[in-house]
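> Quick one, fold the following:
(chains A, B, C and D)
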Number of protein chains: 2
Amino acid sequence: MERADAARNRRAILRATEELLSSHELSEVSMDRVAAAAGVGKGTVFHRFGNREGLMRALVESRIESLSLAVASGPPPLGPGAPPASRLAAFFDAVVELATRNVKVMAAFEQASTDRLNSPIYLAWHAHVSGLIAAASPSLDADLIAHLLLGSLHSDLMLRFLKTGETDRLATGLRSMVTTLLR
Amino acid sequence: MERADAARNRRAILRATEELLSSHELSEVSMDRVAAAAGVGKGTVFHRFGNREGLMRALVESRIESLSLAVASGPPPLGPGAPPASRLAAFFDAVVELATRNVKVMAAFEQASTDRLNSPIYLAWHAHVSGLIAAASPSLDADLIAHLLLGSLHSDLMLRFLKTGETDRLATGLRSMVTTLLR
DNA sequence: CCCTAACTGGACCGTCGGTCAACTTACGAT
DNA sequence: ATCGTAAGTTGACCGACGGTCCAGTTAGGG
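Below you'll find the predicted structure:
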């Protein structure tokens, strides 16, 4: 079990990291600064999260939790029940929306990650997308296409379109790409 | 003008970097090690290439030179003359082939790059792809789709398929994706 | 109340990319 | 041939980074 003070520090660290990421350049958010901003020692941060990647992963996981739930057991078209093609379109809409609202966090995780492609989050998303593609049009190389589509969600592209305020252009473009591929 | 000894060192540094990248993990190829392997002082490396990004960019540029030429003035379908859709397919084939043969170099450049999307190489490729898409099917958002397609070329995906020896699966999948989108 | 396992903090470590001032050298002008 | 100088070279040095470690503190079940 995690002690009460430990849990309190965990929350403080996550909150401080979010705050720093939203108000500073990514390169300025070092582990030292996170610790200082959270009001704890540096050792505590590493004791809780292992390393930079662990901290950023925990942050991302806290941000995508509701999406994971909605996909696994929420109402259609995001959740089970709708036809695969609709679920896929809804999923990409949701991911783009979520990613644009949390670009800095996603970027921080990407940068700190040693192998993105094996992170639990990427694995889950890929399994979901790949499964839906296979169900929608079995003749396609679902596994590969899932990778290619997810490649479009890299944080630098997100940042680009976020800065110019064209995030819905990205969303509709990706959506139409998905539906075209499945037809 | 660049002095003769300076030119010799430039070549030695590029050659040493290639060699280190091909035989070691990316994280093990530091600027110090590059300098040592090239038999020059660390200061010389920075004097020639400015910083890590400059070194890696120079390396990438030397590797893609022939492709750039072939695209600009070589024979169809890569060069001018063929219909846009064919040129696009040929271009992605060529890029995948080139990228798989130089994954480590591409990865090193990506990692060292501050903003990939504004690097001369990405800009050139995007302009080319975007132009061809616009010519092939004017109703599409060519600029955006070019970004999405180029997003598939990230080095981590390349590495994944290279390690399992399935690079042609990647090539054919990307090719069919491109032709489907243009139809 | 007390024992101990869990937690904490920050000095410390090796390494990194990058700088700089003192020194050396190539080479065109004379 | 010689020489002045612009260009090139070098490695000690710098601040910052991610990560470790252990002596000291504390929560909380028995």
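
> for chain B, what are the nearby residues on chain A?
A:115-117, A:141, A:144-145, A:147-148, A:151-154, A:156-157, A:160, A:169-170, A:173-174, A:177, A:180-181 (CB under 8 Å from any CB of the partner chain). Bear in mind the C-beta positions are built from the backbone N, C-alpha and C, glycine included.

> Which among those residues count as buried?
Taking 16 or more other CB atoms under 10 Å in any protein chain shown as the criterion, what is buried in those is A:116, A:141, A:144-145, A:147-148, A:151-154, A:156-157, A:160, A:170, A:173-174, A:177, A:181.

> my guess is residue A:18 meets residue A:105, correct?
Yes. Residue A:18 lies in contact with residue A:105 (CB atoms under 8 Å); the separation is 7.1 Å.

> what residues do the two have in common as contacts?
Common neighbours of residue A:18 and residue A:105, using CB atoms under 8 Å, 6 or more residues apart in numbering or on different chains, are residue A:59.

> Between the two, which is the more surrounded one?
Remark: of residue A:18 and residue A:105, residue A:105 carries more neighbours, 22 against 16, as counted by other CB atoms under 10 Å in any protein chain shown.

> Next, the buried residues of the helix or strand hosting the more buried one.
Taking DSSP states H and E as the criterion, residue A:105 maps to helix A:103-112. Going by neighbour count (16+ other CB under 10 Å), the buried part of helix A:103-112 is A:103-110.

> Contacts for it, please.
Against helix A:103-112 from outside (CB under 8 Å, 6+ apart): A:18, A:21-22, A:26, A:29, A:52-53, A:55-57, A:59-60, A:63, A:99, A:116, A:119, A:154-156, A:158-159, A:162.

> Also stretch A:57-68?
Under CB under 8 Å, 6+ apart, the answer for stretch A:57-68 is A:14, A:17-18, A:49, A:94-95, A:98, A:102, A:105-106, A:108-109, A:113, A:119-121, A:124.

> What of stretch A:115-122?
So stretch A:115-122 is contacted by A:57, A:60-61, A:64, A:109-110, A:113, A:123, A:150, B:156-157, B:160 (CB under 8 Å, 6+ apart).

> out of those, which are inside strands?
In strands, judged by DSSP state E, none of the contacts of stretch A:115-122 are found.

> The longest helix seen in chain A close to DNA strand D?
Using DSSP state H, we find that the single longest helix of chain A is helix A:52-73. Yes. Using CB under 7 Å from any atom of the strand, helix A:52-73 comes into contact with DNA strand D via A:52-53.

> what comes up buried for that helix?
Neighbour-count burial for helix A:52-73 [16+ other CB under 10 Å]: A:52-53, A:55-60, A:63-64, A:67, A:71.

> For chain A, just list every one of the strands.
For chain A, no strands are identified by DSSP E.

> Can you pull the poorly scored residue ranges out of it?
Across chain A, nothing is flagged by pLDDT under 70.

> Let's see that with 90 instead.
Chain A contains residues with pLDDT under 90 at A:1, A:183.

> got the residues of it near DNA strand C?
Contact residues, chain A versus DNA strand C (CB under 7 Å from any atom of the strand): A:2-3, A:5-6, A:8-9, A:40-44, A:46-48.

> let's go with 6 Å and repeat that
A:2-3, A:5-6, A:9, A:40-44, A:47-48 (CB under 6 Å from any atom of the strand).

> Tell me the buried residues within the residues you listed.
A:9, A:40, A:44, A:48.

> about what we covered before: any chance of the residues of chain A next to DNA strand C in JSON lines with distance to DNA strand D as columns?
Listed next are the residues of chain A next to DNA strand C as JSON lines, based on distance: CB to the nearest atom of the strand, whole Å:
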{"residue": "A:2", "distance to DNA strand D": "8"}
{"residue": "A:3", "distance to DNA strand D": "4"}
{"residue": "A:5", "distance to DNA strand D": "4"}
{"residue": "A:6", "distance to DNA strand D": "8"}
{"residue": "A:9", "distance to DNA strand D": "11"}
{"residue": "A:40", "distance to DNA strand D": "12"}
{"residue": "A:41", "distance to DNA strand D": "8"}
{"residue": "A:42", "distance to DNA strand D": "5"}
{"residue": "A:43", "distance to DNA strand D": "3"}
{"residue": "A:44", "distance to DNA strand D": "8"}
{"residue": "A:47", "distance to DNA strand D": "7"}
{"residue": "A:48", "distance to DNA strand D": "11"}
